[in-house]
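S.K.: Sequence first, predicted coordinates after that:
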Amino acid sequence: MNPYSRNDFPRQHQTLHGFLIVVFASIALALPASSGFAGQQPATSSGVAVAPTRKAAATLSAAERKASARIKLQTIRDVTTKLSAPEFEGRGTGQSGADKAAQYLAGRFAKLGLKPAGENGTYLQQIKFKTTQILAETSVKVGDTTLQHGTDYVILPPYSSDVVDVTGDLVFAGFGVVAPDLNRDDLAGLDLKGKVVIVLSGQPEGVDATAWKRVTSPQVRAANIFGRGAVAMIAANAGTSAQPFATIANYLSRRRVSLASQPTLPFRFPPVLIASDAAMEKVFAGSEMTYAQTWEKAKTGAIISRELGKKATLALRFKREETTSSNVAGVLEGSDPKLKEEAVIFTAHYDAYGIESDGRIFPGAADNALGVGTITSIAEAFSKAFPKPASRPRRSIIFLAVTGEEYGLFGAEHWVAHPTWPLDKIAADINFDGIGTEVYGPVKRVVGFGAEHSDLGDVFEDVSVATGNIVSPDPMPEENAFVRSDHYSFVKKGVPALMLMGGPAGDVNVWIARARKWLETDYHTQTDTVKPDWDWTGPQTLAKLGMIIGLRVANADTMPAWRTTSPFNKPRNPTKVLPAN
Ligand SMILES: [Zn+2]
């Protein structure tokens, strides 16, 4: 899943005012919504189980049983293990590891007899990206002390030029608040022109939270500081218990990726650093109070803004590149002369966070080599179960492994904007992307994110019951998973979609606790690797479920429809799409 709560903010924020919001909101955007920054998501969270108003058809046909028996555990394990191996270097969008993965997947699709469904008669659909990396030459000095990028500070994106050189006297500006109605002016008597200004996040005790939020909104605060001529800002106290500085730093020190088609900012903006408490102690060293004492005092509401009597020198260096990365698509043509023009599409993103210049690799095994292993096993089962074209499902079946998901569903967004199969003929999308709960044990409980929004919910419920699984509601609704993976790009284009997730039998709280722990320790980190205790029968069960759902949709007389009550209800490929999540 991807950590962005909105994925196309640059398009929406081309004014300075909008940009100021973006500068600050991007802290939240760059981080997993799981960690308490989940600000601006629509209240359309999904994954609530289908209301049991109808009786599920509790049996599988002999054909379904036979076809789904072709799902091989071995294939899921092989593909997942292969893709998360060091040779693929974390499959970073725009990096050679991802290209290698794309070639590997194209090769597997070819061997299964899938026809190329990319562009120019190939399995690939190439997409142009822009990437930005913070170079090792970057340096930040405060007085005589050099601060370390990644541990002492990180730089808030976006990065609009290759070189940023700024020097100025350091000024501590408290919370940076100017609010006559709160009887507060942190900037009174300060000259910020040409200065590097330190501002505290958080709030003093006893202040009305709503009023405080208003006067410390990103745009208000930036207007206060930069409007008075500051040349740089350092945000202190930015970490919280839910989102410690180390987590912020882990994300913001990584390579950044966006679609090449996204417009660049038409102006440059002073740099904003986010600093750790330890770094702030170095900054305050030798002044009249330590940083800890300063924070204690600031908490009481006292105005303690002052010059620190030191200079800060920022020499920021970025490498900005244009690069490409590809979606991979193959199709098994349907057997019905007319209906084969329509298709069910299985999706999973194969990208992870790639490799950093310091050698850190983010293997993305559970998220989402596992999902790709799962759709590959489904592709294999379809092609082995229906070797003769005439025996195949009526509609065609597309397998699409997308790139660029982690940075904002870019591969899926690109595919729906430049579909290699007519969007109005895509019956449904079935997506696999997750946090690896399927490997916790034999899958017994299944979640169909988005099930309540369309006819797919009925199919999901029927197949779940028929395969002996228990339909569970979304175990972590606060994660808002329905708008956070590739199927949402299809949903916005009017294509009914499901994202499948599985968990073991027994006490749900046990695996939710395990998942939460994994989100804290392994999610999007170097330790998302294949573990020896993974139970591969879990994803095998989920693959069977997905395959049979796909089979039923592919053989149905009509394509699935949205529930009329769903907020996503609209025709496929409409001229106007829903606003981005
Ligand atoms: Zn993912």
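M.R.: Now that the structure is in, tell me what you want to look at.

S.K.: How about the contacts made by Tyr123?
M.R.: By CB atoms under 8 Å, 6 or more residues apart in numbering, Tyr123 lies in contact with Leu105, Ala106, Phe109, Ala110, Leu114, Pro116, Ala117, Val328, Ala329, Gly330. In short, each C-beta sits where N, CA and C put it, glycine included.

S.K.: Got the phi and psi for the nearest residue to it once chain neighbours are set aside?
M.R.: Nearest residue to Tyr123 in three dimensions, chain neighbours excluded: Ala106, at 3.7 Å (CB to CB, 6 or more residues apart in numbering). Here is the backbone geometry of Ala106 (degrees, to the nearest 10): phi -60, psi -40.

S.K.: Buried members of the contacts of Tyr123 into PyMOL, please.
M.R.: To isolate the buried members of the contacts of Tyr123 in PyMOL, using 16 or more other CB atoms under 10 Å:
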select buried, resi 105+106+109+114+116+117+328+329+330
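
S.K.: Quick one: neighbours of Thr537, just the number.
M.R.: Neighbourhood size, Thr537 [other CB atoms under 10 Å]: 16.

S.K.: isn't it right up against Val443?
M.R.: Yes. Taking contacts as CB atoms under 8 Å, Thr537 lies within contact range of Val443: 7.4 Å.

S.K.: about what we covered before: surely the residue nearest to Tyr123 and Thr376 touch.
M.R.: No. The criterion here is CB under 8 Å, and Ala106 misses it with Thr376 at 11.5 Å.

S.K.: per-residue confidence at Ser5?
M.R.: The per-residue pLDDT reported for Ser5 equals 35.

S.K.: Please read the previous query as pertaining to Thr138.
M.R.: 96.

S.K.: try the one 4 residues further on
M.R.: The per-residue pLDDT reported for Val142 equals 96.

S.K.: Please tell me how far it sits from Phe318.
M.R.: 21 Å (CB to CB, to the nearest Å).

S.K.: same check, this time on Asp185
M.R.: The value you get for Asp185 to Phe318, if CB to CB is used, is 36 Å.

S.K.: again, but for Pro442
M.R.: Pro442 is 48 Å from Phe318, by CB to CB.

S.K.: Was I right to think Asp336 contacts Ser391?
M.R.: No. The pair Asp336 / Ser391 is not scored as a contact, 12.0 Å apart, by CB under 8 Å.

S.K.: more neighbours, those two?
M.R.: Between Asp336 and Ser391, counted using other CB under 10 Å, the more crowded position is Asp336 (15 against 10).

S.K.: Flag every residue of the stretch 301-450 of the chain that's near the ion.
M.R.: Proximity of the stretch 301-450 of the chain to the ion, by CB under 5 Å from the ion, involves residues Asp367, Asn368, Asp433.

S.K.: out of these, which one sits closest to Trp421?
M.R.: Trp421 has its nearest neighbour among those in Asp433, at 20.3 Å by CB to CB.

S.K.: tell me the pLDDT at that closest one?
M.R.: Asp433 carries a pLDDT score of 94 in this model.

S.K.: What is the neighbour count of it?
M.R.: Using other CB under 10 Å: Asp433 sits among 27 other residues.

S.K.: Looking at the contacts of Tyr123, which is nearest Ala232?
M.R.: Using CB to CB, the contacts of Tyr123 come closest to Ala232 at Val328, 42.8 Å.

S.K.: Poorly predicted segments of this protein, please.
M.R.: Flagging of the chain using pLDDT under 70 yields the residue ranges 1-57, 575-581.

S.K.: ok and the residue in the stretch 51-200 of the chain nearest the ion?
M.R.: Arg91 (11.3 Å; CB to the ion).

S.K.: Can you list the strands that the strand of greatest length in the chain pairs with?
M.R.: Scanning the chain for the longest strand, with DSSP state E as the assignment, gives strand 306-332. Strand pairing for strand 306-332, determined by DSSP bridges: strand 115-116 (antiparallel), strand 124-134 (antiparallel), strand 139-142 (antiparallel), strand 163-172 (antiparallel), strand 396-402 (antiparallel).

S.K.: Let me know the next secondary structure element after that strand.
M.R.: Following strand 306-332 in sequence order, the next helix or strand is strand 343-349 (DSSP states H and E).

S.K.: Just the C-alpha atoms of that next one, please, in PDB.
M.R.: Taking C-alpha atoms only, strand 343-349 is exported to PDB below (Å, rounded to 0.1, in the frame of the first residue of the first chain):
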ATOM      1  CA  ALA A 343     -11.900  -8.100 -19.600                       C
ATOM      2  CA  VAL A 344     -11.400  -8.800 -15.900                       C
ATOM      3  CA  ILE A 345      -8.100  -7.300 -14.700                       C
ATOM      4  CA  PHE A 346      -5.900  -8.600 -11.900                       C
ATOM      5  CA  THR A 347      -3.500  -6.000 -10.500                       C
ATOM      6  CA  ALA A 348      -0.600  -5.900  -8.100                       C
ATOM      7  CA  HIS A 349       2.200  -3.400  -7.800                       C
END
